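Engineer: 3D model of this:
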Amino acid sequence: MKIVWVTRSFLDYRIPVFKALKVLNKGEFTLIFNESYVPYSVVEKVKRELKESCIGLKGELTFGNKSTTNKWANKGLRIPFQPKLIKTIKSQKPDVIITDGFFQWTYAALWMRFFYKTKHVMCYERTAHTERNAQWYRISYRKFVSRWIDAICCTGDLCSKYVKSLGFKSNKVTTGHMVADIDTFFTDKLEKANILNQHKDKNAILYLYVGRIVEAKGINELLLTWVAFEKGKNVALYLVGDGPEREKYQDRLKELKLTNVFFIGRVSYDKVADYYQSANVFIIPTLEDNWSLVIPEAMASGLPILSSVYNGCYPEYITKNNGWVFDPLNYNDFLNKLNTSYFCENLNDMGNVSKTIISNYTPEKAALSIYNTIKLIKGKKQ
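Structural biologist: The predicted structure follows:
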């Protein structure tokens, strides 16, 4: 059985899943991707890891536009067309094609399914919340093309529920394809002074956010709630990351008179582990996320998690034993959960539970989830 994974883009964390799937299928695997869009370092890495089992294409044409300022879902529409994509797929003589999402390069797999009956498995991430503002034509399109999708492997429970709401039958829906590359973060705790040094008393309880500095991540809600939370407490908040609204939120610190909040800026991937290891609690107040990869990174680093209810991965990752879930749009709920975390006496124990939970989410298990989905539809009649 030959598996061909067709995806426009991916990042480092996906490469171990490609490798594991190739091993599961005894080498009968090819990855086809956009070599012009994927970061150069990632292209070099995937070529090194997969060797002849990957094909990078260039010269993509795009129509429409895609809003990137705030990363809100469904605020733009970009339709890609990759010359020779279908021809390249056909040359691999696939028995099964894997895609990522309904748009991107999935049109080629739909074509192959319609004209050549090639089995089609889609990996999907969206939830009912992230798609709450999806336009009628997006929803209609998803329902229409479902007849050429044999099965969908979702990230988790919330994604699965949304896919089923579109009309996909339960026997066509599985979960478990998403995983973070967390090996780097399974290390021993560092001394907090490595990070706090000149900024704050090293005995402060350090809350850490990692991600883009944009409205959609709940930065404004976090700062407003922090005003009441930090009073009378020895705490500090570090925000690691960059974005188009960073300067605006830095100015807000002066308006709100916050002296224990620090915008660190962009940190290289090989250095961000230092911040995870130096923190006491990880916080993500996002207003919209499919599956935050920073949460498993923080969990692997041994941190308890404060997660927004609008984060698609919280049912799988967050329990009462390793964190708290809150509504960032509900000021009292947000403040209450912050206070609960501050007065918690077993943060280290909760962090250890985080490490135990996330150790079960490996690239090998993600690949196995996809492989089992393929086996589920392999013998199905066309």
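Engineer: quick one: low-confidence ranges for the stretch 151-300 of the chain?
Structural biologist: 187-201 (pLDDT under 70).
Engineer: can you pull out the strands in it?
Structural biologist: Using DSSP state E, counting those that start in this stretch, the strands of the stretch 151-300 of the chain run over residues 151-154, 173-175, 205-210, 235-240, 261-265, 281-284.
Engineer: possible to save those strands as CSV with mean neighbour count?
Structural biologist: Backbone N, C-alpha and C define where each C-beta goes, glycine included. Shown next, in CSV, are those (neighbours: other C-beta atoms under 10 Å):
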stretch, mean neighbour count
strand 151-154, 26
strand 173-175, 19
strand 205-210, 24
strand 235-240, 23
strand 261-265, 18
strand 281-284, 26
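Engineer: including distance to residue 348, could these go into CSV?
Structural biologist: Below are those laid out as CSV (distance: least, C-beta to C-beta, whole Å):
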stretch, distance to residue 348
strand 151-154, 33
strand 173-175, 31
strand 205-210, 12
strand 235-240, 17
strand 261-265, 23
strand 281-284, 11
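Engineer: which stretch among the ones you listed approaches residue 249 most closely?
Structural biologist: Nearest to residue 249, of all the strands of the stretch 151-300 of the chain, is strand 261-265, at 7.1 Å by C-beta to C-beta.
Engineer: from the contact counts, what lies against the closest one?
Structural biologist: Packing partners of strand 261-265 (3 or more C-beta pairs under 8 Å, 6 or more residues apart in numbering; DSSP states H and E): strand 235-240, helix 246-256.
Engineer: redo these as CSV? Include distance to residue 356.
Structural biologist: Putting these into CSV (distance: least, C-beta to C-beta, whole Å) gives the following:
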stretch, distance to residue 356
strand 235-240, 25
helix 246-256, 35
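Engineer: residue 339 versus the residue lying farthest from the centre of the chain, what's the distance?
Structural biologist: Distance from the C-alpha centroid of the chain peaks at residue 232, with 35.3 Å (C-alpha atoms, centre = their mean). The gap separating residue 232 from residue 339 is 11 Å, by C-beta to C-beta, to the nearest Å.
Engineer: over to residue 79?
Structural biologist: 47 Å.
Engineer: stretch 362-375: how far from the chain's middle?
Structural biologist: 17 Å (C-alpha atoms, centre = their mean, to the nearest Å).
Engineer: ditto for stretch 284-301
Structural biologist: Using C-alpha atoms, centre = their mean, the offset of stretch 284-301 from its chain centre is 7 Å.
Engineer: and it, how far apart are its ends?
Structural biologist: For stretch 284-301, the first-to-last residue distance is 15 Å (C-alpha to C-alpha, to the nearest Å).
Engineer: how about stretch 297-311?
Structural biologist: In stretch 297-311, first residue to last residue: 15 Å (C-alpha to C-alpha).
Engineer: do stretch 257-271 as well
Structural biologist: Stretch 257-271 has an end-to-end distance of 29 Å (C-alpha to C-alpha).
Engineer: who touches that stretch?
Structural biologist: Identification of contacts with stretch 257-271 by C-beta atoms under 8 Å, 6 or more residues apart in numbering yields 12, 184, 199-200, 204, 213, 223, 226-227, 230, 235-242, 246, 249-250, 253, 275.
Engineer: redo that, cut-off 6 Å
Structural biologist: 199, 230, 236, 237, 238, 239, 240, 242, 250, 253 (C-beta atoms under 6 Å, 6 or more residues apart in numbering).
Engineer: and if you look at stretch 168-179?
Structural biologist: If you take C-beta under 6 Å, 6+ apart as the criterion, stretch 168-179 is touched by 123, 151-156, 160, 163, 291, 361, 363, 366, 369-370, 373.
Engineer: would you show me how to pick out the buried ones of those residues in PyMOL?
Structural biologist: Buried members of the contacts of stretch 168-179, defined by 16 or more other C-beta atoms under 10 Å, are picked up in PyMOL with:
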select buried, resi 123+151+152+153+154+155+156+160+163+291+361+363+366+369+370+373
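Engineer: looking at the contacts of stretch 168-179, which one is closest to residue 350?
Structural biologist: Relative to residue 350, the closest of the contacts of stretch 168-179 is residue 361; by C-beta to C-beta it sits at 17.6 Å.
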